[in-house]
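quick check, what structure comes out for this input:
(one chain, ligands or ions: 1)
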Amino acid sequence: MTERLSDTARKTVLGPLLDNGWELLGDRDAMRKTFKFKDFTEAFGWMTRAAMFAEKWDHHPEWSNTYNTVVVTLTTHDVDGLSALDAKLARKMDGL
Ligand SMILES: C[C@H](O)[C@H](O)[C@H]1CNC2=NC(N)=NC(=O)C2=N1
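Model prediction:
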């Protein structure tokens, strides 16, 4: 069962991500990061790899791509806020 992250979990789970370029949004419980690549091929290749994990984990990003830039917003729609799944996908995206 997915649930919104508790205040304690936010510190431990989100802390490292916020130190690594993720930002909390002001208008809803979500986090965003802009990923920059050498060119479109690199950006789209990364999106393709990330999409495989999103599908495997049934947890999907809100994202957009413009040439070498991918802007990713993560939140869990089912609970209307951040859950452990968002942190899991964010860590994967940072590592790809
Ligand atoms: C039916 C399906 O499992 C759900 O709609 C999944 C799909 N992907 C999802 N992705 C995200 N980011 N949040 C969700 O709540 C979510 N729910």
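
buried residues in stretch 9-28?
Judged by neighbour count (16 or more other CB atoms under 10 Å), stretch 9-28 contains these buried residues: 9, 10, 13, 14, 17, 22. Backbone N, C-alpha and C define where each C-beta goes, glycine included.

how far does it sit from the chain's center?
Distance, stretch centre to chain centre, for stretch 9-28: 10 Å (CA atoms, centre = their mean, to the nearest Å).

likewise for stretch 28-40?
Stretch 28-40 sits 8 Å away from the centroid of its parent chain (CA atoms, centre = their mean).

please enumerate residues in contact with that stretch?
Stretch 28-40 has contacts (CB atoms under 8 Å, 6 or more residues apart in numbering) with 4, 14, 17-18, 21-25, 43, 46, 62, 65, 67-75, 80-82, 86, 90, 93.

my guess is residue 10 meets residue 82, correct?
Yes: counting by CB atoms under 8 Å, residue 10 touches residue 82, with 7.5 Å between them.

tabulate the CA atom coordinates of stretch 80-96 in PDB.
The C-alpha trace of stretch 80-96 is given here as PDB (Å, rounded to 0.1, in the frame of the first residue of the first chain):
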ATOM      1  CA  ASP A  80      -1.900  13.100  -4.100                       C
ATOM      2  CA  GLY A  81       1.600  13.600  -2.800                       C
ATOM      3  CA  LEU A  82       5.100  12.300  -2.500                       C
ATOM      4  CA  SER A  83       5.600   8.600  -1.600                       C
ATOM      5  CA  ALA A  84       8.500   6.200  -1.300                       C
ATOM      6  CA  LEU A  85       7.900   5.300  -5.000                       C
ATOM      7  CA  ASP A  86       8.900   8.900  -6.000                       C
ATOM      8  CA  ALA A  87      12.100   8.700  -4.000                       C
ATOM      9  CA  LYS A  88      12.900   5.200  -5.600                       C
ATOM     10  CA  LEU A  89      12.300   6.500  -9.100                       C
ATOM     11  CA  ALA A  90      14.300   9.700  -8.400                       C
ATOM     12  CA  ARG A  91      17.300   7.700  -7.200                       C
ATOM     13  CA  LYS A  92      17.100   5.500 -10.200                       C
ATOM     14  CA  MET A  93      17.000   8.500 -12.500                       C
ATOM     15  CA  ASP A  94      20.000  10.100 -10.800                       C
ATOM     16  CA  GLY A  95      21.900   6.800 -11.300                       C
ATOM     17  CA  LEU A  96      21.100   6.100 -14.900                       C
END
